[in-house]
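Student: Return a 3D structure for these sequence lines:
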Amino acid sequence: MTPRRCTKLSTMLLAAILAGPPATHAGATDEAVRRVAETMARLEKLGFHGTLLIAGQEETLLAEGYGLADRQADRPVTPETVFTIGSITKQFTAAAILKLEMQGKLSTDDPIARWFEDVPTDKETITLHHLLTHTAGFPGALGDDYDLEATREAFLAEAMACDLIHPPGVRYEYSNVGYSLLGIVVELASGIGYEDFLRRNLFLPAGMTKTGYLLPAFEADELAVGYRDGERWGTVLERPMLSDGPSWHLRANGGIHSNSLDMLRWHRALEGEEVLSSKAKEKYFRPYVDEGGGDSFYAYGWAVFTTPRGTKLLAHNGGNRVFAADCLRYVDEGIFLFIASNGEMSAIQVSERIAPILFGASTPLPPDVVETSPDLLADYEGTYRLPSGGSIEVASVPGRLVLAAGDDATVPLLSGSALSEVEDRTLRERTGSITRAWLEGDVRPIFEAFGGRIPLEELAEQAGSIRSRWEEALGPVLDVEPLPSAGEPDGARSFAEIRMEKGTRYVIYEWDGSRLAGIGLERRRPPEAEGRREVFPISTTRFESFRIAGGPRVRVRFESDALVLEREDGEVSATRSR
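Tutor: Below you'll find the model as predicted:
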């Protein structure tokens, strides 16, 4: 159900990254690369900060930095800028295990009891293979990434004491805990530290000198600074660290640093036998377990896809809600793509947009933003009255305008929805019914909405796990309210607000016609449903909205004292009242 994202019900389907017409040849055309470059140039003006590298079989096709690595210092991103790359770390941990197997020091079939003392009965049958494929049954996480109490010994004790989600080998359930345990195995089998082993046996043989936690001894001006909601978050190296690296809640499952050039070196090394033998790589990339829904299968630290073109894609991404990175190897077509970001626009979402372009998809370009003065933007501020009696509030912020609905009836206008009032009401009713049912333990309506593509038992366990986590953190559910939907000609998004005793959560449903295509969970009210829309200037009088995650665009123009919404079903004019 959730390729490469690893939290299943809590994350959107990523079908877009596989999209595109059947290819008649391997590789990407010059025109496709040019169109990617143009898309990225426009995204930079819309606020993307990060780096992108695309390589073919023998040459680098694109290697650029966009935006700023450090906004305070006005330091730009370059291909050499170092980012934390999150769960892409897992492929290094998996490769280290296979390297140790090549050296005769362990076997992927080893039970963990060979490496850990006093393994509880419920965990005695767990093998390294189970840990590598997320089938051991460990929970996703046990604590905070920067908890300095999580030394190796403390983490191991906590992992052995925790309850398994399911018996070993039953199914896939993404687990950072399992990969941190693999990192401990690397240390026990090799006799040296986890990062030291990776550096000696993987990174330096591949020519990677800027990849690791602490051993590359990064200079401050090499690192990208992270930002969240416009505020400086800093670099991961500014977070609490143990003397030899991060807490074991993070180590070996995430948080490694690298840059685009080193990641290309890693890709090239995997094409040969500099770090892993052919036999080891066959195990490394073998699709062992369905991640859910039949769209992707987990190997060892990689997810494996068959694209609509009939070719193989090996991919993994990672992020911590500040930094994000995506690594894609289109092995049959000879294309490598690596992208990383340090700001509000996620590299993972950008990769989902640009990857299809490489294979001929006619993805619409983002708006081409022009520079405007603060005074010009301020001239458009005010309240605009609609013929229906509703209103739109217009405010200016640096580089754009913010439109806000003055009442619930105006919200669909600012969502860009192509749904009629009847269609919106019908979808809201279905959304509310489905959400209330699974919160009460009945997942059959959601099973039917998915067209039976996801097993009922799996949905029940996922939904139950989410409900339990929410109730533990926020108390019982008080109310469910479906919110205004957003529709396009080829699909729709609907939303439900779940009010709980101590907070609120939101569910996003992606629809392909009448069938459910994916689900997302959010802590914040989805922008389409909040009656607020940012629009960017494409001329001095015309503005257009854009979200990297997709969805309908809102286009407006200003004429004298009027705001005109340009919709597919005609224009709607609002007159400024003050």
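Student: C-alpha from now on. contacts and neighbour counts both.
Tutor: OK.
Student: Could you pull out the helices in the stretch 251-400 of the chain for me?
Tutor: For the stretch 251-400 of the chain, helices defined by DSSP state H, counting those that start in this stretch occupy the ranges 260-271, 278-284, 347-358, 374-379.
Student: Let me know the secondary structure of residue 113.
Tutor: Secondary structure, DSSP: H, G, I helix; E, B strand; the rest coil: residue 113 is helix.
Student: Residue 126 versus that one, what's the distance?
Tutor: 8 Å (Cα to Cα, to the nearest Å).
Student: Next: residue 177.
Tutor: The value you get for residue 177 to residue 126, if Cα to Cα is used, is 13 Å.
Student: Between those two, point out the one with more neighbours.
Tutor: residue 177 (28 against 22; other Cα atoms under 10 Å).
Student: ranges for the helices of the stretch 51-200 of the chain?
Tutor: 89-102, 128-132, 152-161, 176-190, 194-198.
Student: So for residue 517, what's the pLDDT?
Tutor: Looking at residue 517, its pLDDT stands at 86.
Student: hmm, I was thinking of residue 526
Tutor: 81.
Student: And for it, the neighbour number?
Tutor: With other Cα under 10 Å as criterion, residue 526 counts 19.
Student: What of the one 10 residues further on?
Tutor: Residues within reach of residue 536, counting by other Cα under 10 Å, total 25.
Student: hang on, the earlier thing: could you save the helices of the stretch 251-400 of the chain as JSON lines and add columns showing mean neighbour count and mean pLDDT?
Tutor: Output for the helices of the stretch 251-400 of the chain, formatted as JSON lines (neighbours: other Cα atoms under 10 Å; pLDDT from 0 to 100):
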{"stretch": "helix 260-271", "mean neighbour count": "20", "mean pLDDT": "98"}
{"stretch": "helix 278-284", "mean neighbour count": "15", "mean pLDDT": "98"}
{"stretch": "helix 347-358", "mean neighbour count": "22", "mean pLDDT": "94"}
{"stretch": "helix 374-379", "mean neighbour count": "13", "mean pLDDT": "96"}
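Student: who wins for proximity to residue 512 among those helices?
Tutor: helix 347-358 (17.8 Å; Cα to Cα).
Student: Packing partners of that closest one?
Tutor: Where contact means 3 or more Cα pairs under 8 Å, 6 or more residues apart in numbering; DSSP states H and E, helix 347-358 is packed against helix 30-45, strand 324-330, strand 335-341.
Student: winner for burial among the helices of the stretch 51-200 of the chain?
Tutor: When you average the neighbours per residue for each of the helices of the stretch 51-200 of the chain (mean count of other Cα atoms under 10 Å), helix 128-132 leads with a mean of 26.
Student: can I get the CA coordinates of it in CSV?
Tutor: Output of helix 128-132 as CSV, limited to C-alpha atoms (Å, rounded to 0.1, in the frame of the first residue of the first chain):
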residue,chain,number,x,y,z
LEU,A,128,19.1,-11.2,10.7
HIS,A,129,17.1,-11.7,7.6
HIS,A,130,13.9,-10.8,9.5
LEU,A,131,15.6,-7.6,10.7
LEU,A,132,16.8,-6.8,7.2
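Student: which stretches of this structure aren't confidently modelled?
Tutor: Applying pLDDT under 70 to the chain picks out residues 1-26, 293, 418, 488-490, 578.
Student: Mind checking what helix or strand follows the stretch of helix or strand residue 466 belongs to in sequence?
Tutor: Under the criterion DSSP states H and E, the helix or strand holding residue 466 is helix 456-474. Remark: after helix 456-474, the chain's next helix or strand is strand 477-488, criterion DSSP H and E.
Student: Find the centremost residue of the protein, please.
Tutor: residue 348 (4.8 Å; Cα atoms, centre = their mean).
Student: Just list the residues touching the residue nearest to it when sequence neighbours are not counted, thanks.
Tutor: Of all residues not flanking residue 348 in the chain, residue 326 sits nearest, at 5.6 Å (Cα to Cα, 6 or more residues apart in numbering). Counting by Cα atoms under 8 Å, 6 or more residues apart in numbering, residue 326 makes contact with 85, 88, 315-318, 337-340, 347-348, 351.
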